[in-house]
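Chemist: mind folding the following:
(one chain, ligands or ions: 2)
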Amino acid sequence: MRIKTIALTNFRNYRKQIVTLGQGLNFIIGANGEGKTNFLEALYVLSLVKSYKAPDHDLILNDAGLSRVSAILETKTQNIELTVAFSEIGKAASFNRQSADRLSDYIGIMNVVLFTPDDMTLIKGGPADRRYFIDVVLGQIDKDYLNDLTQFKHILKQRNELLKQMQEKKVNDQTFIDVITEQLAIHGEKLIVKRKEFIDKLAQSAREKYDYLTNKGEVMIGKYIPSIKGDYLQELRGRITADIVSGTTNFGPHRDDIEWTLAEQTAKFYASQGEQRMIVLSICMALCDYYTDVKADQPIFLLDDVFSELDAEKQNRLIQYLLKSGNQAIITATSLIDIAHNYKNQAKIFQVIKGSIREEQQHGQS
Ligand SMILES: Nc1ncnc2c1ncn2[C@@H]1O[C@H](COP(=O)(O)OP(=O)(O)OP(=O)(O)O)[C@@H](O)[C@H]1O
Ligand SMILES: [Mg+2]
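Modeler: Numbers count the residues shown, from 1 in each chain. Ligands and ions are numbered 1, 2, ... in the order given. Now for the predicted structure:
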(Lines give C-alpha, C1' and ligand atoms only; values in the text may rest on other atoms or scores of the structure.)
(Ligands and ions follow the chains in the order given, each with its own letter.)
Protein backbone atom coordinates (compact mmCIF):
# COMPACT_ATOMS: atom_id res chain seq x y z
CA MET A 1 0.00 0.00 0.00
CA ARG A 2 0.99 3.60 -0.57
CA ILE A 3 -0.02 7.08 0.43
CA LYS A 4 -0.56 9.24 -2.62
CA THR A 5 -1.40 12.62 -1.15
CA ILE A 6 -1.48 13.67 2.48
CA ALA A 7 -2.91 16.88 3.94
CA LEU A 8 -2.06 18.23 7.39
CA THR A 9 -4.12 20.92 9.07
CA ASN A 10 -2.97 22.41 12.37
CA PHE A 11 -0.89 19.30 13.05
CA ARG A 12 2.11 20.03 15.32
CA ASN A 13 4.04 22.86 13.60
CA TYR A 14 2.17 22.45 10.27
CA ARG A 15 -0.64 24.95 9.71
CA LYS A 16 -1.67 23.81 6.25
CA GLN A 17 0.36 21.39 4.19
CA ILE A 18 -0.35 19.12 1.25
CA VAL A 19 2.29 16.67 0.08
CA THR A 20 2.15 14.31 -2.89
CA LEU A 21 4.47 11.44 -2.08
CA GLY A 22 6.37 9.24 -4.51
CA GLN A 23 5.58 5.53 -4.88
CA GLY A 24 8.97 4.40 -3.58
CA LEU A 25 11.58 6.40 -1.67
CA ASN A 26 10.77 9.79 -0.21
CA PHE A 27 13.35 11.85 1.67
CA ILE A 28 12.28 14.57 4.09
CA ILE A 29 15.30 16.78 4.61
CA GLY A 30 15.71 19.65 7.04
CA ALA A 31 17.68 21.11 9.93
CA ASN A 32 16.87 20.29 13.57
CA GLY A 33 13.46 21.36 14.80
CA GLU A 34 11.94 22.16 11.39
CA GLY A 35 9.25 19.44 11.40
CA LYS A 36 10.70 16.21 9.93
CA THR A 37 9.65 13.92 12.77
CA ASN A 38 6.30 15.72 13.01
CA PHE A 39 5.58 14.78 9.41
CA LEU A 40 6.35 11.09 10.03
CA GLU A 41 4.26 11.23 13.18
CA ALA A 42 1.32 12.49 11.08
CA LEU A 43 1.59 9.37 8.90
CA TYR A 44 1.76 7.17 11.98
CA VAL A 45 -1.24 8.91 13.50
CA LEU A 46 -3.20 8.40 10.29
CA SER A 47 -2.63 4.67 10.72
CA LEU A 48 -3.15 4.19 14.46
CA VAL A 49 -5.13 7.28 15.55
CA LYS A 50 -2.58 7.98 18.24
CA SER A 51 1.02 9.04 18.47
CA TYR A 52 3.86 6.72 19.43
CA LYS A 53 5.37 9.34 21.70
CA ALA A 54 2.89 11.91 22.95
CA PRO A 55 -0.68 12.37 24.19
CA ASP A 56 -3.32 13.44 21.68
CA HIS A 57 -3.52 17.09 22.72
CA ASP A 58 0.18 17.61 21.90
CA LEU A 59 -0.61 16.94 18.24
CA ILE A 60 -2.74 20.06 17.88
CA LEU A 61 -0.90 23.14 16.65
CA ASN A 62 -0.57 25.60 19.53
CA ASP A 63 -3.99 27.09 20.33
CA ALA A 64 -5.59 25.88 17.09
CA GLY A 65 -8.26 23.79 18.85
CA LEU A 66 -8.60 21.21 16.05
CA SER A 67 -6.04 19.18 14.18
CA ARG A 68 -6.61 17.01 11.12
CA VAL A 69 -4.65 14.64 8.91
CA SER A 70 -6.19 13.19 5.77
CA ALA A 71 -4.81 11.21 2.86
CA ILE A 72 -5.53 9.04 -0.11
CA LEU A 73 -4.32 5.51 0.55
CA GLU A 74 -3.80 3.28 -2.43
CA THR A 75 -4.09 -0.42 -1.56
CA LYS A 76 -3.82 -3.40 -3.91
CA THR A 77 -7.53 -3.32 -4.53
CA GLN A 78 -8.79 0.23 -4.01
CA ASN A 79 -8.16 3.85 -3.10
CA ILE A 80 -9.36 4.86 0.35
CA GLU A 81 -9.71 8.36 1.71
CA LEU A 82 -8.60 8.38 5.35
CA THR A 83 -9.10 11.17 7.88
CA VAL A 84 -8.24 11.48 11.56
CA ALA A 85 -9.07 14.53 13.64
CA PHE A 86 -8.14 15.59 17.16
CA SER A 87 -9.74 18.25 19.31
CA GLU A 88 -9.46 19.18 22.98
CA ILE A 89 -12.44 16.95 23.75
CA GLY A 90 -11.68 13.85 21.70
CA LYS A 91 -10.77 12.28 18.40
CA ALA A 92 -12.44 10.71 15.38
CA ALA A 93 -11.48 8.71 12.32
CA SER A 94 -13.21 8.13 9.01
CA PHE A 95 -12.63 6.21 5.80
CA ASN A 96 -14.22 7.24 2.53
CA ARG A 97 -16.00 9.98 4.49
CA GLN A 98 -17.80 7.45 6.67
CA SER A 99 -16.99 7.95 10.29
CA ALA A 100 -15.81 4.86 12.16
CA ASP A 101 -18.11 4.07 15.11
CA ARG A 102 -15.27 2.35 16.90
CA LEU A 103 -11.59 3.15 16.33
CA SER A 104 -10.94 -0.59 16.13
CA ASP A 105 -12.97 -0.61 12.88
CA TYR A 106 -10.55 1.93 11.44
CA ILE A 107 -7.19 0.76 12.80
CA GLY A 108 -5.70 -1.86 10.50
CA ILE A 109 -6.71 -0.24 7.20
CA MET A 110 -3.35 1.47 6.80
CA ASN A 111 -0.27 -0.43 7.95
CA VAL A 112 2.96 1.30 8.86
CA VAL A 113 6.26 0.11 10.23
CA LEU A 114 8.11 2.81 12.11
CA PHE A 115 11.80 3.01 12.89
CA THR A 116 12.67 5.75 15.37
CA PRO A 117 15.72 6.32 17.54
CA ASP A 118 13.39 5.58 20.49
CA ASP A 119 13.16 1.97 19.28
CA MET A 120 16.64 1.43 20.64
CA THR A 121 14.81 0.40 23.84
CA LEU A 122 14.25 -2.90 22.03
CA ILE A 123 17.93 -3.58 22.74
CA LYS A 124 18.87 -1.14 25.49
CA GLY A 125 15.62 -1.14 27.44
CA GLY A 126 14.20 -3.65 29.91
CA PRO A 127 12.14 -6.81 29.32
CA ALA A 128 8.90 -4.79 29.58
CA ASP A 129 9.93 -2.69 26.55
CA ARG A 130 10.58 -5.84 24.54
CA ARG A 131 7.31 -7.47 25.57
CA TYR A 132 5.49 -4.27 24.66
CA PHE A 133 6.99 -4.44 21.16
CA ILE A 134 5.58 -7.94 20.64
CA ASP A 135 2.20 -7.06 22.11
CA VAL A 136 1.80 -4.01 19.86
CA VAL A 137 2.61 -5.96 16.69
CA LEU A 138 0.61 -9.10 17.47
CA GLY A 139 -2.22 -7.09 19.01
CA GLN A 140 -2.66 -5.31 15.69
CA ILE A 141 -2.74 -8.32 13.46
CA ASP A 142 -4.36 -10.97 15.62
CA LYS A 143 -7.62 -10.17 17.40
CA ASP A 144 -7.46 -13.46 19.36
CA TYR A 145 -4.04 -12.50 20.67
CA LEU A 146 -5.36 -9.13 21.79
CA ASN A 147 -8.26 -10.84 23.53
CA ASP A 148 -5.98 -13.34 25.31
CA LEU A 149 -3.68 -10.52 26.37
CA THR A 150 -6.54 -8.46 27.82
CA GLN A 151 -7.93 -11.50 29.66
CA PHE A 152 -4.49 -12.49 30.91
CA LYS A 153 -3.80 -9.04 32.36
CA HIS A 154 -7.19 -8.93 34.02
CA ILE A 155 -6.86 -12.40 35.59
CA LEU A 156 -3.24 -11.75 36.61
CA LYS A 157 -4.36 -8.69 38.53
CA GLN A 158 -7.06 -10.72 40.32
CA ARG A 159 -4.63 -13.52 41.09
CA ASN A 160 -2.04 -11.14 42.48
CA GLU A 161 -4.62 -9.48 44.71
CA LEU A 162 -5.65 -12.88 46.01
CA LEU A 163 -2.04 -13.95 46.56
CA LYS A 164 -1.40 -10.76 48.50
CA GLN A 165 -4.38 -11.49 50.74
CA MET A 166 -3.21 -15.06 51.23
CA GLN A 167 0.29 -13.81 52.03
CA GLU A 168 -1.16 -11.55 54.70
CA LYS A 169 -3.27 -14.50 55.89
CA LYS A 170 -6.49 -12.55 55.41
CA VAL A 171 -7.86 -15.28 53.14
CA ASN A 172 -7.12 -18.94 52.50
CA ASP A 173 -9.29 -19.92 49.58
CA GLN A 174 -7.66 -22.90 47.91
CA THR A 175 -10.52 -23.48 45.48
CA PHE A 176 -10.51 -19.92 44.22
CA ILE A 177 -6.74 -19.82 43.69
CA ASP A 178 -6.96 -23.12 41.76
CA VAL A 179 -9.69 -21.81 39.47
CA ILE A 180 -7.91 -18.52 38.83
CA THR A 181 -4.61 -20.33 38.21
CA GLU A 182 -6.28 -22.50 35.60
CA GLN A 183 -7.80 -19.49 33.84
CA LEU A 184 -4.50 -17.65 33.86
CA ALA A 185 -2.75 -20.66 32.33
CA ILE A 186 -5.29 -20.98 29.50
CA HIS A 187 -4.62 -17.44 28.22
CA GLY A 188 -0.95 -17.31 29.23
CA GLU A 189 -0.09 -20.49 27.35
CA LYS A 190 -1.58 -19.09 24.13
CA LEU A 191 0.41 -15.88 24.50
CA ILE A 192 3.66 -17.78 25.02
CA VAL A 193 3.11 -20.00 21.97
CA LYS A 194 2.24 -17.09 19.65
CA ARG A 195 5.03 -14.86 20.89
CA LYS A 196 7.60 -17.59 20.41
CA GLU A 197 6.37 -18.38 16.93
CA PHE A 198 6.44 -14.69 16.02
CA ILE A 199 9.95 -14.03 17.38
CA ASP A 200 11.35 -17.18 15.76
CA LYS A 201 10.07 -16.04 12.38
CA LEU A 202 10.96 -12.38 12.80
CA ALA A 203 14.44 -13.04 14.15
CA GLN A 204 15.31 -15.41 11.33
CA SER A 205 14.37 -12.78 8.78
CA ALA A 206 16.07 -9.97 10.77
CA ARG A 207 19.25 -12.01 10.83
CA GLU A 208 19.29 -12.06 7.03
CA LYS A 209 18.69 -8.29 6.87
CA TYR A 210 21.48 -7.65 9.36
CA ASP A 211 23.80 -9.79 7.31
CA TYR A 212 22.87 -7.85 4.20
CA LEU A 213 23.37 -4.44 5.84
CA THR A 214 26.70 -5.20 7.47
CA ASN A 215 28.19 -7.77 5.12
CA LYS A 216 30.54 -8.79 7.91
CA GLY A 217 29.50 -12.33 8.66
CA GLU A 218 28.65 -11.62 12.30
CA VAL A 219 25.52 -13.50 13.26
CA MET A 220 22.63 -11.70 14.93
CA ILE A 221 20.18 -13.94 16.75
CA GLY A 222 16.91 -13.22 18.51
CA LYS A 223 15.20 -15.64 20.88
CA TYR A 224 12.05 -15.55 22.96
CA ILE A 225 13.03 -16.36 26.54
CA PRO A 226 10.08 -17.67 28.56
CA SER A 227 10.34 -17.39 32.33
CA ILE A 228 9.15 -21.00 32.60
CA LYS A 229 10.06 -24.12 30.69
CA GLY A 230 7.37 -26.70 30.11
CA ASP A 231 3.64 -26.63 30.73
CA TYR A 232 2.48 -23.31 32.16
CA LEU A 233 -0.37 -24.70 34.27
CA GLN A 234 1.80 -27.38 35.81
CA GLU A 235 4.52 -24.84 36.58
CA LEU A 236 2.01 -22.44 38.13
CA ARG A 237 0.54 -25.20 40.29
CA GLY A 238 3.98 -26.31 41.38
CA ARG A 239 4.95 -22.81 42.44
CA ILE A 240 1.80 -21.71 44.25
CA THR A 241 3.42 -21.82 47.68
CA ALA A 242 6.28 -19.60 46.51
CA ASP A 243 3.78 -17.22 44.90
CA ILE A 244 1.84 -16.98 48.17
CA VAL A 245 5.02 -16.27 50.12
CA SER A 246 5.96 -13.42 47.77
CA GLY A 247 2.34 -12.27 47.27
CA THR A 248 2.62 -12.17 43.48
CA THR A 249 2.73 -14.34 40.33
CA ASN A 250 6.43 -14.80 39.68
CA PHE A 251 6.35 -16.64 36.37
CA GLY A 252 4.56 -16.29 33.06
CA PRO A 253 4.32 -14.15 29.92
CA HIS A 254 4.47 -10.98 32.07
CA ARG A 255 8.02 -11.94 33.05
CA ASP A 256 9.29 -13.17 29.66
CA ASP A 257 11.92 -11.46 27.54
CA ILE A 258 13.56 -11.46 24.10
CA GLU A 259 17.29 -11.94 23.91
CA TRP A 260 19.24 -10.36 21.04
CA THR A 261 22.78 -11.52 20.55
CA LEU A 262 25.53 -10.54 18.15
CA ALA A 263 28.40 -12.98 17.65
CA GLU A 264 26.98 -14.94 20.60
CA GLN A 265 27.28 -11.95 22.97
CA THR A 266 24.37 -10.02 24.47
CA ALA A 267 23.81 -7.17 22.01
CA LYS A 268 22.98 -4.69 24.77
CA PHE A 269 26.48 -4.92 26.23
CA TYR A 270 28.54 -6.06 23.28
CA ALA A 271 27.29 -4.28 20.14
CA SER A 272 28.40 -0.73 19.29
CA GLN A 273 25.91 2.13 18.95
CA GLY A 274 25.81 1.78 15.17
CA GLU A 275 25.50 -2.00 15.41
CA GLN A 276 22.62 -1.71 17.87
CA ARG A 277 20.94 0.69 15.49
CA MET A 278 21.39 -1.78 12.63
CA ILE A 279 19.94 -4.60 14.72
CA VAL A 280 16.82 -2.54 15.37
CA LEU A 281 16.71 -1.50 11.74
CA SER A 282 16.97 -5.15 10.66
CA ILE A 283 14.10 -6.01 12.97
CA CYS A 284 11.99 -3.23 11.40
CA MET A 285 12.90 -4.44 7.90
CA ALA A 286 11.89 -7.97 8.91
CA LEU A 287 8.67 -6.57 10.34
CA CYS A 288 7.85 -5.04 6.95
CA ASP A 289 8.13 -8.50 5.37
CA TYR A 290 6.09 -10.02 8.19
CA TYR A 291 3.23 -7.56 7.62
CA THR A 292 3.45 -8.12 3.87
CA ASP A 293 2.99 -11.85 4.47
CA VAL A 294 0.16 -11.54 6.93
CA LYS A 295 -1.71 -8.69 5.26
CA ALA A 296 -0.91 -9.58 1.65
CA ASP A 297 0.04 -5.94 0.99
CA GLN A 298 3.24 -4.05 1.73
CA PRO A 299 3.19 -1.69 4.71
CA ILE A 300 4.49 1.86 4.51
CA PHE A 301 7.95 2.12 6.05
CA LEU A 302 8.63 5.25 8.13
CA LEU A 303 12.26 5.84 9.06
CA ASP A 304 13.12 8.70 11.37
CA ASP A 305 16.69 9.90 11.54
CA VAL A 306 17.93 6.48 10.49
CA PHE A 307 21.24 7.62 8.98
CA SER A 308 22.87 9.01 12.09
CA GLU A 309 25.50 6.62 13.43
CA LEU A 310 25.52 4.66 10.15
CA ASP A 311 28.57 4.98 7.94
CA ALA A 312 28.15 5.90 4.26
CA GLU A 313 28.35 2.30 3.10
CA LYS A 314 25.56 1.15 5.43
CA GLN A 315 23.38 4.12 4.49
CA ASN A 316 23.67 3.21 0.82
CA ARG A 317 23.05 -0.47 1.47
CA LEU A 318 19.86 0.44 3.29
CA ILE A 319 18.71 2.61 0.39
CA GLN A 320 19.57 -0.11 -2.08
CA TYR A 321 17.51 -2.55 -0.04
CA LEU A 322 14.53 -0.20 0.14
CA LEU A 323 14.59 0.47 -3.60
CA LYS A 324 14.57 -3.26 -4.24
CA SER A 325 11.90 -4.09 -1.67
CA GLY A 326 9.38 -1.82 -3.38
CA ASN A 327 7.91 -0.57 -0.10
CA GLN A 328 6.91 3.04 -0.01
CA ALA A 329 9.42 4.54 2.41
CA ILE A 330 9.51 7.98 4.00
CA ILE A 331 12.90 8.78 5.43
CA THR A 332 13.90 11.85 7.41
CA ALA A 333 17.47 13.12 7.53
CA THR A 334 19.36 16.33 8.11
CA SER A 335 21.30 15.76 4.88
CA LEU A 336 21.83 13.25 2.07
CA ILE A 337 25.49 14.00 1.74
CA ASP A 338 26.54 10.34 1.84
CA ILE A 339 23.84 8.99 -0.47
CA ALA A 340 24.84 8.06 -4.02
CA HIS A 341 23.42 10.29 -6.81
CA ASN A 342 22.08 7.27 -8.57
CA TYR A 343 19.87 6.49 -5.54
CA LYS A 344 18.85 10.08 -4.94
CA ASN A 345 17.69 10.28 -8.54
CA GLN A 346 15.29 7.41 -7.90
CA ALA A 347 13.70 9.18 -4.93
CA LYS A 348 11.48 12.17 -4.29
CA ILE A 349 13.25 14.70 -2.11
CA PHE A 350 11.42 17.23 0.06
CA GLN A 351 12.86 20.10 2.06
CA VAL A 352 11.18 21.13 5.29
CA ILE A 353 11.64 24.56 6.80
CA LYS A 354 9.59 25.79 9.75
CA GLY A 355 6.66 23.47 9.17
CA SER A 356 6.55 23.99 5.43
CA ILE A 357 7.43 21.22 2.99
CA ARG A 358 8.53 21.79 -0.58
CA GLU A 359 9.58 19.26 -3.18
CA GLU A 360 13.14 19.74 -4.37
CA GLN A 361 13.65 19.84 -8.11
CA GLN A 362 16.11 17.13 -9.17
CA HIS A 363 19.14 18.15 -11.22
CA GLY A 364 20.32 14.78 -12.45
CA GLN A 365 23.95 13.93 -11.69
CA SER A 366 25.16 17.51 -11.22
N1 LIG B 1 1.68 21.15 19.02
C2 LIG B 1 2.65 21.89 18.47
N3 LIG B 1 2.38 23.12 17.95
C4 LIG B 1 3.35 23.86 17.38
N5 LIG B 1 4.63 23.47 17.27
C6 LIG B 1 4.95 22.27 17.78
C7 LIG B 1 3.99 21.42 18.39
N8 LIG B 1 4.62 20.30 18.79
C9 LIG B 1 5.91 20.43 18.47
N10 LIG B 1 6.12 21.61 17.84
C11 LIG B 1 7.39 22.11 17.31
O12 LIG B 1 7.74 21.35 16.16
C13 LIG B 1 9.14 21.57 15.94
C14 LIG B 1 9.70 20.52 15.04
O15 LIG B 1 9.75 19.29 15.65
P16 LIG B 1 10.31 17.95 14.95
O17 LIG B 1 10.45 16.98 16.05
O18 LIG B 1 9.47 17.54 13.82
O19 LIG B 1 11.73 18.43 14.40
P20 LIG B 1 12.77 17.65 13.50
O21 LIG B 1 12.83 18.33 12.19
O22 LIG B 1 12.45 16.22 13.48
O23 LIG B 1 14.13 17.93 14.27
P24 LIG B 1 15.39 16.97 14.64
O25 LIG B 1 16.29 16.99 13.44
O26 LIG B 1 16.00 17.65 15.79
O27 LIG B 1 14.87 15.63 14.97
C28 LIG B 1 9.75 21.75 17.32
O29 LIG B 1 10.57 22.89 17.32
C30 LIG B 1 8.56 21.97 18.26
O31 LIG B 1 8.68 23.13 19.01
MG1 LIG C 1 13.32 14.58 14.42
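
Chemist: when you work out contacts or count neighbours from here on, use the C-alpha atoms and nothing else.
Modeler: Noted.

Chemist: quick one: neighbours of the nearest residue to V69 once chain neighbours are set aside, just the number.
Modeler: In space, and not counting its chain neighbours, V69 is closest to L8: 4.7 Å by Cα to Cα, 6 or more residues apart in numbering. For L8, the count of nearby residues is 22 (other Cα atoms under 10 Å).

Chemist: what of the one 10 residues further on?
Modeler: Close neighbours of I18, defined as other Cα under 10 Å, add up to 17.

Chemist: quick one: it and F11 touch, right?
Modeler: No - in this structure I18 lies outside contact range of F11 using Cα atoms under 8 Å: 11.8 Å.

Chemist: quick revisit: residues contacting the residue nearest to V69?
Modeler: Contacts of L8 were listed using Cα atoms under 8 Å, 6 or more residues apart in numbering, and they are 14-18, 42, 67-70.

Chemist: which residues of this protein lie near ligand 1?
Modeler: Contact residues, the chain versus ligand 1 (Cα under 6 Å from any ligand atom): 12-13, 31-38, 58-62.

Chemist: who does the helix or strand harbouring T332 pair up with?
Modeler: In this structure, T332 sits in strand 329-333 according to DSSP states H and E. Strand 329-333 has its sheet partners listed here by DSSP bridges as strand 25-29 (parallel), strand 300-303 (parallel).

Chemist: picking up where we left off before, what about the residue nearest to V69, distance to ligand 1?
Modeler: From L8 across to ligand 1, the span is 12 Å (Cα to the nearest ligand atom, to the nearest Å).

Chemist: now swap in M166 and tell me
Modeler: Distance of M166 to ligand 1, given as Cα to the nearest ligand atom: 49 Å.

Chemist: that residue: what's its closest spatial neighbour, skipping adjacent residues?
Modeler: N172 is the one closest to M166 (Cα to Cα, 6+ apart), at 5.6 Å.

Chemist: burial check on that neighbour, number of neighbours?
Modeler: Count around N172 with other Cα under 10 Å applied: 14.

Chemist: please renumber the chain so that the first residue is 5 from this point on.
Modeler: New numbering, starting at 5: the last item is N176.

Chemist: which part of the stretch 255-370 of the chain gets nearest to ligand 1, residue-wise?
Modeler: Here the stretch 255-370 of the chain gets closest to ligand 1 at one residue, T338, 6.2 Å apart by Cα to the nearest ligand atom.

Chemist: that'll do, ta.
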